[in-house]
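> Structure for the following, please:
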Amino acid sequence: MKRWLPILLIGLSFNTATAQVQAAKIDPEKLLGYYETQRYADAAQYLQSLYPGDIQDVKALTQIAYCQMMAGKLPEAEKNYMKINTIQPNTIPVLFSLTNINSRRGNITNAKTYLQQIIQLDSQNFSAYKQMAGYADTPETKLEYLKKANSLNATDPDIAYDLAMVYNGLKQYQSAYDILKTAIAADPENFTLQQSQLPISNRLGKYQEVIETGEKLLKVHSDANVMNDMGQAYFYVKNYQRCVEIYTMLEELGLQNEGTLYFMALSYRELKDYDKAALYAQKTIDEAISDHTTLYYAALAGIYEAKNQYNDAITAYKRGLTFGASNIIYYRLGLLYDLNLKQPKNAVTYYHLYLKNNPDPEKEKEQIAYAKDRVTLLAVK
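Alright, predicted model coming up:
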């Protein structure tokens with residue numbers, strides 16, 4: 001056995017030397033050319049041709065893994081990054097790369113695990129908190145991650161916007177306003193931040209600020225949302241004529257809505273133009289009622305379902321039913337209670353409502369059969 005040891009060592013030395021020779025043959029200009037033309041798959045293939053399959057060199061592995069990741073060869077990239085993580089554990093850039101790969105492949109659980117490892121290694125890592133906020137399971141968790149990220153970088157526009165919208169949803173308007181004010185001060189030309197602040201400023205009664213900011217923004221871009229907020233502000237400062245002018249422009253563009261029509265009706269009333277006030281009051285009523293409202297709520301609920309936000313989906317579905325019976329909603333509620341929430345009694349209730357609402361026997365043949373089967377099966381349970 002001992003006599004084989006020198007031979008083994010010689011073999012290992014030869015392999016190492018060979019790898020080093022191969023590594024030394026890298027053509028920097030050729031590699032740079034691949035990078036500059038974004039031919040990352042070719043770059044990865046080129047690098048792999050220069051190194052042995054069992055390479056342990058972290059620098060070389062990092063180059064290869066990066067090229068594979070950029071080329072969309074995610075399984076190969078993950079394999080190499082995990083190899084690096086084994087050789088050199090707890091390297092934050094590697095953990096971020098593994099986060100990115102798992103996120104792109106839809107494995108959110110793994111992505112969150114890597115981000116949590118980063119936070120354990122660096123409790124002040126802004127990027128990790130920013131990404132964790134996007135993966136938060138609950139509004140409360142999302143708020144905490146956003147607050148932490150914002151405390152680390154109060155001028156980041158994405159975090160400022162997301163955090164302000166959460167505060168706005170919680171009706172904490174002053175907090176939302178303050179967050180945006182700080183970010184806007186760092187980037188005064190950020191249209192998105194200024195636009196998002198307008199409805200919050202209206203909520204806080206900062207009408208003159210809305211008017212001044214809105215008029216400035218309109219010189220850059222005629223945005224319907226900006227005009228909507230400006231119209232309200234003009235109404236509240238009792239400049240009813242300007243409110244009508246703003247909302248008339250929206251109407252001419254076909255961008256009116258229930259709210260703008262309502263403020264037009266009130267403005268015309270204050271201007272004592274009662275004929276137009278009555279006209280726009282009727283338009284408001286007509287705009288508020290739609291034959292398709294139930295479908296809109298069904299679509300919204302479907303989006304919530306796709307995001308696994310089942311309680312929000314149920315709320316949206318049931319809100320849709322307040323505008324009239326809907327086979328689509330009855331059936332979708334049956335499926336939701338049945339397959340996702342495991343509430344058979346509620347599932348049977350909505351399957352029954354679906355079947356009693358005279359679904360089309362031809363177009364909905366499969367749904368009818370499925371609903372009947374599930375009712376029978378769930379009743380037995």
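
> For Thr182, what is the enclosing helix or strand?
Thr182 is located in helix 173-186, with elements delineated by DSSP states H and E.

> outside of the next helix or strand after that helix, which residues touch it?
On the C-terminal side of helix 173-186, the closest following helix or strand by DSSP H and E is helix 191-203. Here helix 191-203 makes contact (C-beta atoms under 8 Å, 6 or more residues apart in numbering) with 157, 160-161, 164-165, 168, 173, 176-177, 180-181, 183-184, 187, 207, 209-210, 213-214, 217, 220-221, 223, 225-226, 229-230, 232-233, 236. Every C-beta, even on glycine, is put in place using the N, C-alpha and C of the backbone.

> if we can go back for a sec, give me the helices and strands touching the helix holding Thr182, please.
Packing partners of helix 173-186 (3 or more C-beta pairs under 8 Å, 6 or more residues apart in numbering; DSSP states H and E): helix 157-169, helix 191-203.

> right, so of the ones you listed, which gets closest to Leu333?
When the helices and strands packed on helix 173-186 are compared by C-beta to C-beta, helix 157-169 sits nearest Leu333, at 24.7 Å.

> Identify each buried residue in the closest one, please.
157-168 (16 or more other C-beta atoms under 10 Å).

> what does it rub up against?
With C-beta under 8 Å, 6+ apart as the test, helix 157-169 has contacts from 130, 133, 139, 142-143, 146-147, 149-150, 153-154, 173, 175-177, 179-180, 182-183, 187, 190, 192-193, 196-197, 199-200.

> in the chain, what spans have low per-residue confidence?
Within the chain, the ranges that satisfy pLDDT under 70 run 1-24, 289, 291, 380-381.

> tell me which element Ile246 is part of?
For Ile246, the element it lies in under DSSP H and E is helix 240-252.

> Please export the C-alpha coordinates of that helix as CSV.
What follows is helix 240-252, C-alpha atoms only, in CSV (Å, rounded to 0.1, in the frame of the first residue of the first chain):
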residue,chain,number,x,y,z
TYR,A,240,-64.2,74.9,-8.5
GLN,A,241,-63.7,76.3,-12.0
ARG,A,242,-60.1,74.9,-12.1
CYS,A,243,-61.4,71.5,-10.8
VAL,A,244,-63.9,71.4,-13.7
GLU,A,245,-61.2,72.3,-16.2
ILE,A,246,-58.8,69.6,-15.0
TYR,A,247,-61.5,66.9,-15.0
THR,A,248,-62.9,68.0,-18.4
MET,A,249,-59.5,67.4,-19.9
LEU,A,250,-59.6,63.8,-18.4
GLU,A,251,-63.1,63.3,-19.8
GLU,A,252,-62.0,64.5,-23.3
